[in-house]
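Trainee: This is a predicted model, with the sequence first.
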Amino acid sequence: MEVTVTDINSVKKKIQIEIPQSDVAKAIDTAYLELKKTAKVKGFRPGKTPRTVLERMFSKDVQADVASTLIQNSFLEAVKQESLAFIGMPDIDPPELDPAAPFIYDVTLELKPELSPIDFNGVQLKKTLYKMSEAEVDKQIDLLQKQLAEFQPIDEVRAVAEDDYAVIDYEGFKDGLPFAQAQKTENYTLKIGRKMITEAFDNEVTGMTPGQQKTFSITFPKDYHNKDLAGLEVSFSVTLKEIRKEVLPDADDAFAKKLGPFETLEDLKNAIRKNLQEGYDKRSQQEIQEQIFEKLLTESFELPETLVKYELDGIVDDMEMRFSQNNMTLDQLGLSREKLGDEYRDVAEKQVRRHLFLSKIIEQEKMELTEEQLNLEYESFAQVVGQPVDFIKTYYKSNPEKLDGFKHALLEKKVFDLIVEKAVIEEVEPEAAQP
């Protein structure tokens with residue numbers, strides 16, 4: 001077997017594999033001997049059909065099977081011979097088998113780029129010392145009060161105004177007929193001024209009094225989030241049922257108890273303080289990671305399209321899932337996987353470049369996870385997702401690819417820890433950290 005490797009670029013190779021005609025002939029002979037044992041041909045007993053008859057009846061199938069077998073056996077041997085640690089699925093272009101000639105076929109495959117050694121000892125980094133404030137705690141309390149707010153009918157008799165909560169029944173019509181995209185809806189609470197439907201709709205409802213019915217038309221903006229309504233003129237029949245006001249609960253111990261395992265308002269505030277500070281600590285950590293990439297990821301290298309596509313598919317899948325959770329589809333938003341792929345390709349390439357950088361340090365430093373470290377991470381993850389540790393372990397052990405990804409993500413975290421451990425850290429106040 002002869003193997004010729006041609007560089008398409010630094011991460012993409014074309015391999016030509018040539019299998020001698022003698023090996024082809026042996027493979028064909030073996031195939032016909034096996035076929036002879038099982039072939040059922042009228043006029044011949046099992047195992048007695050002449051090869052000439054088998055060739056006349058089954059030559060195309062036999063040659064296709066032999067070609068497939070030769071590729072399977074020779075390809076892995078070739079990449080091992082040439083030390084090609086390929087990624088993704090190889091692109092194989094097999095020709096038809098000619099029993100009288102060598103079998104020659106081409107394979108295109110991609111490799112990880114070879115990065116230079118990365119010296120990260122003593123890298124200079126800045127750590128911003130963010131601190132939560134009591135004003136932020138108070139703001140969170142305000143938001144929680146709004147979450148538990150009650151909406152009660154107002155006592156006075158008056159027209160709807162800005163910031164009121166209007167309870168309405170409405171139905172949309174197009175060309176005089178009920179319109180499915182603005183179907184009849186009862187007891188809908190409309191916050192005037194929030195543009196929950198459109199600003200024009202709010203303006204039409206403003207000034208109505210309880211019990212009043214009103215008919216009006218509005219034109220939806222051309223860039224409206226629901227493309228089925230974008231640019232359309234729709235007539236609405238609206239009845240105002242009542243006007244409500246927002247009544248906030250008092251911020252006291254009883255309020256705190258409604259929000260979780262808190263006995264007092266101070267317990268709730270302590271939990272908020274802890275959560276806010278953890279958020280700031282995470283922000284500081286992310287900023288350090290960005291500095292690490294900025295200072296150390298300076299080498300230019302080509303990216304395998306296989307890895308970029310994998311990363312891009314993951315980004316688009318996540319977005320599609322989030323839209324689905326909000327009962328929206330890409331089509332409704334005027335989007336497609338192709339459009340999102342074009343829009344987020346730069347993001348995917350950036351992520352691939354960073355993963356390759358981290359992988360290089362993992363290999364360079366021969367980093368591994370101990371069983372104890374892995375078990376601790378299982379326990380931590382189990383607490384986050386609210387599942388038993390044994391369930392998490394069983395899941396990953398039964399999904400080897402997922403386990404490999406889980407381990408690699410943990411090793412990437414260890415890379416950051418190692419770089420920070422060997423870095424020169426300057427601690428700065430938030431104001432000083434601004435350019």
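Mentor: Done, it's in.

Trainee: mind listing the strands for the chain?
Mentor: Ranges of strands within the chain are 2-9, 12-19, 86-93, 103-111, 124-128, 150-153, 165-174, 177-178, 185-191, 213-219, 233-247, 424-428, based on DSSP state E.

Trainee: For the residue of the chain positioned farthest from its centre, list the residues it contacts.
Mentor: Note on the chain: the largest C-alpha distance from the chain mean falls to residue 43, namely 60.9 Å (CA atoms, centre = their mean). Applying CB atoms under 8 Å, 6 or more residues apart in numbering to residue 43 gives no contacts. The C-beta positions use only the backbone N, C-alpha and C, and glycine is treated the same way.

Trainee: can you tell me how far it sits from residue 51?
Mentor: 15 Å (CB to CB, to the nearest Å).

Trainee: Likewise for residue 351?
Mentor: 57 Å.

Trainee: repeat for residue 332
Mentor: In terms of CB to CB, residue 332 sits 62 Å off from residue 51.

Trainee: Then residue 184?
Mentor: Distance from residue 184 to residue 51, by CB to CB: 77 Å.

Trainee: can you check residue 107 too?
Mentor: From residue 107 to residue 51 the distance is 32 Å (CB to CB).

Trainee: So those two - more neighbours on which side?
Mentor: Taking neighbours as other CB atoms under 10 Å, residue 107 and residue 51 compare with residue 107 leading, 23 against 12.

Trainee: Pull the contacting residues for that one.
Mentor: By CB under 8 Å, 6+ apart, the neighbours of residue 107 are 14, 15, 16, 17, 75, 78, 90, 91, 92, 93.

Trainee: Contacts only, for the fourth one.
Mentor: Counting by CB under 8 Å, 6+ apart, residue 17 touches 1, 2, 3, 74, 75, 78, 104, 105, 106, 107.

Trainee: quick one: stretch 127-143 to chain centroid distance?
Mentor: Centre-to-centre, stretch 127-143 and its host chain are 30 Å apart (CA atoms, centre = their mean, to the nearest Å).

Trainee: Give me the pLDDT value at the residue lying closest to residue 406 once chain neighbours are set aside.
Mentor: Nearest non-adjacent residue to residue 406, counting by CB to CB, 6 or more residues apart in numbering: residue 396, 5.9 Å away. Note on residue 396: pLDDT of 92.

Trainee: What of residue 435?
Mentor: On the pLDDT scale, residue 435 gets 43.

Trainee: Do a quick rundown of the helices in the chain.
Mentor: 21-38, 51-81, 134-147, 199-205, 253-258, 265-296, 305-325, 337-343, 345-364, 371-385, 389-397, 400-421, 430-433 (DSSP state H).

Trainee: can you tell me which of those helices comes nearest to residue 167?
Mentor: helix 199-205 (10.8 Å; CB to CB).

Trainee: Span of stretch 144-155 from start to end?
Mentor: One end of stretch 144-155 sits 26 Å from the other (CA to CA, to the nearest Å).

Trainee: What residues sit buried inside that stretch?
Mentor: residue 144 (16 or more other CB atoms under 10 Å).

Trainee: residues in contact with that stretch?
Mentor: Contacts of stretch 144-155 (CB under 8 Å, 6+ apart): 164-165, 189, 242-249, 251, 255, 258-259, 268.

Trainee: and stretch 265-279, how far out from the chain's middle?
Mentor: The answer for stretch 265-279 is 30 Å, by CA atoms, centre = their mean.

Trainee: cool, and stretch 166-181?
Mentor: 37 Å.

Trainee: Please export the C-alpha coordinates of that stretch as PDB.
Mentor: Only the C-alpha atoms of stretch 166-181 are listed here, as PDB (Å, rounded to 0.1, in the frame of the first residue of the first chain):
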ATOM      1  CA  ALA A 166     -55.800  48.200  32.100                       C
ATOM      2  CA  VAL A 167     -57.700  44.900  32.100                       C
ATOM      3  CA  ILE A 168     -59.200  44.500  28.600                       C
ATOM      4  CA  ASP A 169     -60.900  42.000  26.200                       C
ATOM      5  CA  TYR A 170     -59.700  42.400  22.600                       C
ATOM      6  CA  GLU A 171     -60.000  40.800  19.200                       C
ATOM      7  CA  GLY A 172     -58.200  41.600  16.000                       C
ATOM      8  CA  PHE A 173     -59.800  41.700  12.500                       C
ATOM      9  CA  LYS A 174     -58.300  41.700   9.000                       C
ATOM     10  CA  ASP A 175     -60.500  42.600   6.000                       C
ATOM     11  CA  GLY A 176     -63.500  42.400   8.300                       C
ATOM     12  CA  LEU A 177     -62.800  38.800   9.500                       C
ATOM     13  CA  PRO A 178     -61.300  37.600  12.800                       C
ATOM     14  CA  PHE A 179     -57.600  37.400  12.400                       C
ATOM     15  CA  ALA A 180     -55.800  34.400  13.900                       C
ATOM     16  CA  GLN A 181     -52.600  36.200  14.700                       C
END
